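[1] generate a structure from the sequence data that follows.
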Amino acid sequence: MDKKPSWIKKKISLDNSNIFQVKKLIDSSRLHTVCQSAKCPNIFECFSRKTSTFMLMGDICTRNCAFCGVRNGKPGSLEDDEPEKIAKAVKEMGLHYVVITSVTRDDLVDGGAGHFFDTVQAIEKYNPDIRIECLVPDLGGDILNLEKLLECSLDVLNHNMETVREKYPIVRKNADYDLSLSLLADAKKIRPEIYTKSGFMLGLGERIEEVSRLLRDLKKNNVDIITIGQYLQPSADNIEVTKYYTLGEFEDIRNTAEAMGFLVTEAGPFVRSSYCAEKVLEKALGKKEK
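    The predicted structure is shown next:
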């Protein structure tokens, strides 16, 4: 699977000056982005549009998922000024929509929920008209942690399933499929008006019937928005790609999801959970109003 097919090669027109400005701002503020840490293939496109997904609580994860490009190990202490630094960076970039995510912090009692809460509060303080999406880890599976996070003003609660149930022991060995589904369902129970969102990858050895079951599980747990992308191996240390899905296959899976009644389904080789997140929410808002 070393040779990528033609549709995996992305050609876009970039504004290099914006890329430089965003990278300089992130580096000078000592912030982390999932774009850089997870080696996202859309990084230069997003930076050129002056957008990025900020990653809280350092760049070292306490888990070691087989697909992920983020480093794992023992993370450092939380930086108390990180929420305000992110808020000021968001203001300087002139964002109207921001996605904040984090590494998984199993070493923290609340899984980092309080730090998410503080960051959302800080962003709103400096950017009162902004929309905010939180792409969260499983927060230790404790509903009290989720309730704490959802006390803040939030437009989208995003938690990725990443893969089908059958692949969890290999791809996400320290995660729990049912726990992740419960988090999404609980978010909707706690805040019925919030948009819930989840994403997963193709190309990890899943079967099409397993993908359909995952979609049914997500629908059963009242998820509004689905993102489906092609897994691309970040490094030689990560699990290998088993299949590159064609554009037609992505279209078929999108049609299957749409037939199930999801509000918005995004599917394609370069689709990622936070990619063009503002436009995805606009689609959801438009459909909700009809």
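[2] next one: stretch 217-231 to chain centre, how far?
    Taking Cα atoms, centre = their mean, to the nearest Å, one finds stretch 217-231 lying 12 Å from the centre of the chain it belongs to.
[3] same check, this time on stretch 280-290
    For stretch 280-290 - counting by Cα atoms, centre = their mean - the centre lies 19 Å from the chain centre.
[4] quick one: contacts of it?
    Contact partners of stretch 280-290, identified using Cβ atoms under 8 Å, 6 or more residues apart in numbering, comprise 97, 131, 133, 155-156, 195, 197, 224-225, 227, 263-264, 266. Just so you know, the C-beta spots here come from the backbone N, C-alpha and C atoms, and that holds for glycine as well.
[5] let's see that with 7 Å instead.
    By Cβ atoms under 7 Å, 6 or more residues apart in numbering, the residues outside stretch 280-290 that reach it are 131, 155, 156, 195, 224, 225, 263, 264, 266.
[6] equivalent analysis for stretch 177-188, please.
    Counting by Cβ under 7 Å, 6+ apart, 138-139, 141, 143, 146, 150, 157, 159, 161, 165, 168, 194, 196, 198, 217, 221-223 sit against stretch 177-188.
[7] in TSV: the contacts of stretch 280-290, plus pLDDT.
    Output for these, formatted as TSV (pLDDT from 0 to 100):
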residue	pLDDT
131	93
155	95
156	97
195	97
224	97
225	97
263	96
264	97
266	96
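[8] that older thread, of the contacts of stretch 177-188, buried ones?
    For those, a neighbour count by 16 or more other Cβ atoms under 10 Å gives the buried set as 138-139, 146, 150, 157, 159, 161, 168, 194, 196, 198, 217, 221, 223.
[9] now these in TSV, please, with extra columns for pLDDT and secondary structure.
    Formatted as TSV, these follow (pLDDT from 0 to 100; DSSP: H, G, I helix; E, B strand; the rest coil):
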residue	pLDDT	secondary structure
138	96	coil
139	96	helix
146	97	helix
150	97	coil
157	97	strand
159	98	coil
161	98	coil
168	97	helix
194	96	coil
196	98	strand
198	98	strand
217	98	helix
221	98	coil
223	98	coil
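[10] with respect to residue 81, which of those is nearest?
    Residue 81 lies nearest to residue 139 out of these, by Cβ to Cβ, at 22.6 Å.
[11] list the contacts for that closest one?
    Residue 139 neighbours (Cβ under 7 Å, 6+ apart): 111, 113, 145, 146, 183.
[12] need the max-distance pair from these.
    Going by Cβ to Cβ, the pair spanning the contacts of residue 139 furthest: 113 and 183, at 11.2 Å.
[13] who's more crowded, those two?
    residue 113 (27 against 24; other Cβ atoms under 10 Å).
[14] where's residue 211, which helix or strand?
    helix 208-220 (DSSP states H and E).
[15] for residue 132, give its distance to residue 174.
    28 Å (Cβ to Cβ, to the nearest Å).
[16] quick one: which of those two has more around it?
    The neighbour count for residue 132 versus residue 174, taken as other Cβ under 10 Å, is higher for residue 132 (20 against 13).
[17] ok, residue 145 touching residue 111?
    Yes: contact status for residue 145 versus residue 111: in contact at 5.1 Å, counting by Cβ atoms under 7 Å.
[18] looking at the two, which one has more neighbours?
    Shown here are residue 145 and residue 111; by other Cβ under 10 Å, residue 111 has more neighbours (26 against 23).
[19] check the secondary structure at that one for me.
    In three-state terms, and counting by DSSP: H, G, I helix; E, B strand; the rest coil, residue 111 is coil.
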